[in-house]
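>>> Give me a model of this one.
(chains A and B)
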Amino acid sequence: MAQAPPGKPELLQGTLDMMILKTLASGGANHGYGIARRIMQVSADVLQVEEGSLYPALHRMEKRGFLESEWRASEANRRAKYYKLTARGRTQLKTEAAEWERLVGAIEKVMNAKAAEFEVKVS
Amino acid sequence: MSWTEAMPFKLPRVPRLPGLPRLPRPEGRSEAQIDRDLEDEFAFHIDRSASEMVKDGVDPNEARRQAAARFGDVVSIKRKCRRIALKERIMLQRVNFVMMIVVMLLVIGVGVQVVLMQRHNAMSLEAIKAHLAIVKSEARPAGLPTLGSIFSADDPSTWIDRLKPGTWQQVDQNGEKIRDGVMLEILADSDIHNRTTMPGVRSTAFLHLPDRPGGPPVFLGFQSNFDLLIWNRKDEYNPSAGGRWTFERDRLLIDISPAAPLITTSEGLYAEPLVFEKRDARGSSGGSSTTNDNPRSPGYIYTDGSIARPGVYGYPSVGRLTVARFMAASGGVTDESKKIRVSVTSLDPDRNESRHVMLSDLRNDPSLDFDLNPGDLVLFEEIGDDGKPVKWQETKQQAKES
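Residues are numbered from 1 along each chain as shown, chains lettered A, B, ... in the order given. Next up is the predicted model:
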């Protein structure tokens, strides 16, 4: 993964798949460019998905049955490959979202802990 | 070009066995189609990205350049996606390739195993043959020829010549003499008068034991397959009940079957093999010189044919024995009304002569009577209208038919 530009934090390992699933679950079928744009818009331009990671992730999740694709005409009447979530992908999204919640909660606890909580207790 | 495309042959599809879980389905598109789809997908992305920049006022060419730069290394991304799409196919191709190698190795292994087994069997067979040859050579005294190398069914002379000399003596297994003056003479069935043999024709031998003078002669048939036939002159014989004969060194071994009724005696001669030696084969050893000073003078007269008492008669130690005297001593001819010819054949190989006289001529002219010699065979033959012996004609006819 290339070094992220200043002000653009690097995506955490494994979060790209979850964000793609979430984007398709919320916004419906979309092509690769649209998915990347949507993530950037929703994150207020903080998260910029690199194409070098996006397309291998899309193809990998399609192979695993989380997504399915079809070629159809885009808004500009160009041939584009649209991805949409499958039932299996929806289940996977729930699983990954729960894990993410647990991880964020744990990180939040660590970050909000007071100094006394870091003292080593010897029994 | 991938390594699978570069292969000079097409890998076979692996059929799915029933009951097994379904394997990941390989990508159905061709590799060229996958490449085209990836290129289209990336091109759409870059075009859309450039279009957005153009809307924001960026020069189209610059927008195109920036969009391409932002997209990154197309070749690298394409290679990653391509590998994902073809993962199962590559895996199956590798499995197929490995299986094909395994099958080929198995086939080669089985082939090599078969060849090795055949060679091993052949070597084992040769070893067994060699072992058998050793066993055979050890079973027989060294230097003795095998039966098959001496005797040939196609050439009776190879074994008949060894039987032919007339006087033998019976010995025990240790070579000690039991009886002397045993007569053994080969005559061919087909031409008993000329004492010749023909290939493939059964030959017969007289066998007479001297302590049974006057007894009925026993006839032995020595066949080239070493079967022994026994019958009397009434042609009563049982071919399967004869026995076996063979040579051991210079000895003739006759193993008479207990089932041969024509030679059964109170002595039980059949109980052990009869062993005979040529008297001249042992020279002065073995006691032969004590019984007969002239081994070529058998001392017996043999008679057969239309005579009242056929058989073997001891040659008188003194006086002459003529045809007329001998005919009277043996009971006379069986039917006076028949035309009879007296044929006298010497069984002595050195003399090898034959004389004939018609019985009617002999009666009319006593001067035609002549002396018999030891070892003569006297046949009283019935003569047919054509002037030839009736029995001789029948035998000749049978030989022609066979």
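
>>> In chain A, what residue spans correspond to strands?
A:30-31, A:67-73, A:79-85 (DSSP state E).

>>> Actually, chain B.
Using DSSP E, strands in chain B cover B:167-171, B:177-188, B:203-208, B:218-222, B:227-231, B:243-248, B:251-256, B:274-278, B:300-305, B:311-314, B:340-346, B:354-358, B:376-382.

>>> Relative to chain B, which of the strands of chain A is closest?
Minimum separation from chain B across these (C-beta to the nearest C-beta) falls at strand A:79-85, 4.8 Å. Quick note: C-beta positions are derived from backbone N, CA and C, even for glycine.

>>> by contact count, what packs against that closest one?
Packing partners of strand A:79-85 (3 or more C-beta pairs under 8 Å, 6 or more residues apart in numbering or on different chains; DSSP states H and E): helix A:15-27, strand A:30-31, helix A:32-42, strand A:67-73, helix B:31-55.

>>> could you dump the ones you listed to CSV with distance to B:Leu125?
Formatted as CSV, the helices and strands packed on strand A:79-85 follow (distance: least, C-beta to C-beta, whole Å):
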stretch, distance to B:Leu125
helix A:15-27, 72
strand A:30-31, 78
helix A:32-42, 76
strand A:67-73, 70
helix B:31-55, 58
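
>>> Which one of those lies nearest to B:Leu368?
helix B:31-55 (121.1 Å; C-beta to C-beta).

>>> With mean neighbour count and mean pLDDT as new columns, can the strands of chain A be given to me in TSV?
Shown next, in TSV, are those (neighbours: other C-beta atoms under 10 Å in any protein chain shown; pLDDT from 0 to 100):
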stretch	mean neighbour count	mean pLDDT
strand A:30-31	20	94
strand A:67-73	14	92
strand A:79-85	19	94
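
>>> between the ones you listed, which gets nearest to B:Ile254?
So among these, strand A:67-73 is nearest, using C-beta to C-beta, at 102.3 Å.

>>> So which residues on chain B come close to chain A?
With C-beta under 8 Å from any C-beta of the partner chain as the criterion, chain B meets chain A at residues B:37-38, B:40-42, B:44-45, B:47-49, B:51, B:70-73, B:76-77, B:80-81, B:84-85, B:87.

>>> are any of those residues buried, and which?
B:37-38, B:41-42, B:44-45, B:47-49, B:51, B:71-72, B:77, B:80-81, B:84-85 (16 or more other C-beta atoms under 10 Å in any protein chain shown).

>>> Tell me how chain B divides into domains.
Structural domains annotated on chain B: B:31-85, B:154-292, B:296-402, as defined by automatic domain parsing.

>>> In terms of mean pLDDT, which of those ranks lowest?
If you rank those by mean pLDDT, domain B:154-292 sits at the bottom with a mean of 54.

>>> Low-confidence ranges, chain A, go.
A:1-13, A:121-123 (pLDDT under 70).

>>> B:Leu38 is in contact with B:Lys80, isn't it?
No - if you go by C-beta atoms under 8 Å, B:Leu38 and B:Lys80 don't touch, sitting 9.9 Å apart.

>>> what sits in contact with each of these two?
A:Tyr55 (C-beta atoms under 8 Å, 6 or more residues apart in numbering or on different chains).
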